[in-house]
Structures are given as structure tokens and as C-alpha cells.
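Novice: pasted the sequence and its predicted model underneath.
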Amino acid sequence: MPGAKTLVIVGASYAGVQLAATARELGFEEPITILGDERHLPYQRPPLSKGLLTGKTTVDQLQLRGPDFFTQNRIDLQLGQRAAAVDAGARTVTLADGRTLDYGWLALTTGARCRPFAVPGAELDGVLELRTLDDALRVADAAGRTKRACVIGGGFIGLEVASALRTRGVEVTVVEAQPHLLTRSFPPIMSAYVENAHRRRGIELLTGRGVRALHGSNGHVDAVELADGHRVDCDLVVLGVGVLPNVELAQAAHLAVDNGIVVDAFGRTSAPRVLSAGDVASMTIAPVPGGPTRVRLESIQAANDGARAAASVVVGREQPNTAVPWFWSDQFDLKFQMAGLPMHGDEVVTRGDIASDKFSLFYLRDGVLVGAHSVNKPAEHMHSRKLIAARAQPTAAQLADTSFDLKSVPTATT
């Protein structure tokens, strides 16, 4: 049967491209097909809410791999092609244009999409979301004609967009429904720092405020009405209210789904010879004392590490994904770097002066270092990842002492 040995990858994402590249590096010689529903070559996503909006990054600088990479590695990259159905029993993928592809291995790296924002006026011109390159280009174009913007959602994407727009001279208001910014990701001390940092740089923050409606004139947005009746005048609204994993193909094919496509540490789904990685994957992670065993991580690192594990399965040399999760966010002159999976209730230790915009927070659980958040401290971030991976047990006093050399903390390899 033609194509019965082919690796078909649905989603030209970080995970999809990395999976194909790693499979070739590990010696997979059979055909590889990547299906991407966008018409752009696979591209980097972090600059979309950062450098692309400020003008520091051009579209040409976004490519993950040049066209020659796919040709040289015999990867059939089919852009503008949407997968419509998967038959895991017959091992086929049906495309929106009616074609059917046979596969030997299938990888679903379908990513996520913006969460719908169902309020009156959401359809007005000037109300934009930011997930894809086309989205970002629309925001960048609108920013050039904007005097005042309202960003709805105080998560990482929302705050990155807000800082980029403010850097361009736009007046920006951020509206966040939760009482504080980033409450799911940060403890109160870090949330308070982020809020103060943005206010000091000219951002107006309205926290604990829901949105009732968007208003406009002549079809274009001109105000955001909050639940308490307050109105924010603006000529651009950017939605940053989170994402939903693209699990529809998997659900229709009867794969296990739980806030994403359920996979093990190797990227294996509940269906034979079907893998998944990236933002869509609900992953099994290495156990941490008192922590979660399954998460869905929206980061480049998680996508690449999950893709490498999945590729190892394709070539029959299984290697689980055991990497420490890490993530970063650039906002104004601040580089936030996060490692591990801290939780509310962990012991929080501050290292450095928060007011200096250069410090780290460390998280201890049952005496084990499980997480670290750093601001403009890249060396501490890098070393914290090694300590977390080693399940090191530094004392709170050692972590708080800036004169103490973190390299001296004992690990399994020292």
C-alpha cells in the first residue's frame, strides 16, 4: 500500500518540524510529509508578540527552517493543507480537498488557537487576536494608526503585546478579570512585581475587572465597557484571553483527550502508531514531590523536547521526555525566565533586590528545589534548571544569600 511506511505530521509547528528533523537525524529513511494549514513556511512564534510588533524583527527573520532544509531532508512540506479526518484503524488521513494519505506513523502537532471572546461587539473592526503570523501582521499594521489600545487579558501574551505597543508610543490599558496578573503562574510577590513594573513603564492596569461589551462607531471599535460600567476609550483592542488546544481531529478519531491529546512520556497517544507533541499534547511528566503528573505546556522547549521523544519512538529507540520545563517572556527591558513547575503552597525564597529589576525567586517543596523564576538573571536561571533536574535540596538560607555560589549545591553528579 503506497505511503504505508510514511511518517505523516499534521501541523507545521515547532513540534512538527522538530519531529521531522529529529527523525531524519536518528536515521529514519522512509518518506515524511508535513501538513500545514497556513501558507507561510514554518515560523517562530515568540517574536510575534515581541520583536515583530516593535519592528526589531522582520518577517524574513522568522523562518524556523529555510526551504532548502525540507528539500535536502526529503520532507514533503504541504502548506495550505488542512487535515479533515483521521482513521486510526485504517491508518489514513483525509485532507480537506478530499485526498487520502496512508501513514505508517502519524504525529498530531496541531497546536492551539485563541479562545473565543463572546461579548457584544467582538466582531467590530479593530478587535484583533494574536496567535498566527497573519494575526501579528494585522496588529503591527493597526498599531501604526493607533493612539490608545486596550489589551484584554493580563497573561504573558497580553503583557508582551502591551509592552510592545507602549514601546511604540501607544497609550495602553490592560484589563484583567483576575484580581492580579498571572495568578496561575506566579505567587503574589511576583504578581505584585509585574504589576508595579508595568505601571512604572506607563501601562494602565485594571485588574479584577470583567468586560461587558465592546462599543464602536462606523463599525470600528472605540471603547471597552467593563462589568462595573467603566469605559476604556481606545481605537485598538487586542485579545489575550488564552488558547484552546486543537483536539478536534483526535476526538473524532476516538483518541483519549483531557485538556489536550493525552500522551505518555514518549509522546504516544491512546491509538497505536499515533503520536502527539507541542501545545496540543497533555503530557506525562517526571514525578515531582507533591506535584502534578500530567500537564499541557505551551512553550517552545516543551514542543521541541516532546517532538524529540516522539521521533525516538518512530525509529524504535525510545527515549522519554524528562527535560525540566522552562519558558521565557520579554516585556520592556525585563527578561522573565521560568524553570520547573512550582505550585501555590511551595516555600518561596527571594534572592536579590526586587526593586533592582534583577532577582530570582526559588521554590522549595518538601526541601526539594522544584522551580525558579528569574528577572534579568540568566546565569541563575540556567543553573536553577540543573538543580531542579537533579532534585537538589539547597536550604532557603543558601538560596537567599547572594554571596553563596549556587554551583556548590550538591547534585547527583557532583
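Specialist: Done, it's in.

Novice: and the helices in the stretch 301-414 of the chain?
Specialist: Applying DSSP state H, counting those that start in this stretch to the stretch 301-414 of the chain gives helices spanning 378-389, 396-400.

Novice: just the ones you listed: most buried one?
Specialist: Ranked by average neighbour count under the criterion mean count of other C-beta atoms under 10 Å, these are headed by helix 378-389 at a mean of 19. To be clear about C-beta, it is placed using only N, CA and C from the backbone, and glycine gets the same treatment.

Novice: helices or strands up against that one?
Specialist: Applying 3 or more C-beta pairs under 8 Å, 6 or more residues apart in numbering; DSSP states H and E, one finds that helix 378-389 contacts strand 334-340, strand 358-365, strand 368-375.

Novice: that one vs strand 334-340, what angle?
Specialist: Going by axes from the mean of the first three to the mean of the last three C-alpha atoms, to 10 degrees, helix 378-389 is angled at 10 degrees with respect to strand 334-340.

Novice: next one: helix 378-389 to chain centre, how far?
Specialist: 20 Å (C-alpha atoms, centre = their mean, to the nearest Å).

Novice: per-residue confidence averaged over it?
Specialist: Across helix 378-389, pLDDT averages out at 96.

Novice: CA atoms only: put it into PDB for me.
Specialist: Extracted C-alpha coordinates of helix 378-389, given in PDB (Å, rounded to 0.1, in the frame of the first residue of the first chain):
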ATOM      1  CA  PRO A 378      20.100  34.500  33.000                       C
ATOM      2  CA  ALA A 379      23.000  32.700  34.800                       C
ATOM      3  CA  GLU A 380      20.900  31.900  37.800                       C
ATOM      4  CA  HIS A 381      18.100  30.700  35.600                       C
ATOM      5  CA  MET A 382      20.500  28.300  33.700                       C
ATOM      6  CA  HIS A 383      21.900  26.900  37.000                       C
ATOM      7  CA  SER A 384      18.500  26.500  38.500                       C
ATOM      8  CA  ARG A 385      17.500  24.200  35.700                       C
ATOM      9  CA  LYS A 386      20.400  21.900  36.500                       C
ATOM     10  CA  LEU A 387      19.500  21.900  40.200                       C
ATOM     11  CA  ILE A 388      15.800  21.200  39.500                       C
ATOM     12  CA  ALA A 389      16.700  18.300  37.200                       C
END
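
Novice: now for this protein, the helix or strand with the poorest mean pLDDT.
Specialist: One helix or strand of the chain scores below all others by mean pLDDT, DSSP states H and E: strand 294-295, with a mean of 84.

Novice: parallel or antiparallel, which strands does that one pair with?
Specialist: Strand partners for strand 294-295, identified by DSSP bridges, are recorded as strand 281-284 (antiparallel).

Novice: which residues are contacting the partner strand?
Specialist: Residues outside strand 281-284 that contact it (C-beta atoms under 8 Å, 6 or more residues apart in numbering) are 15, 245, 257-265, 267, 293-297, 302, 306, 321.

Novice: right, I'll call it a day here.
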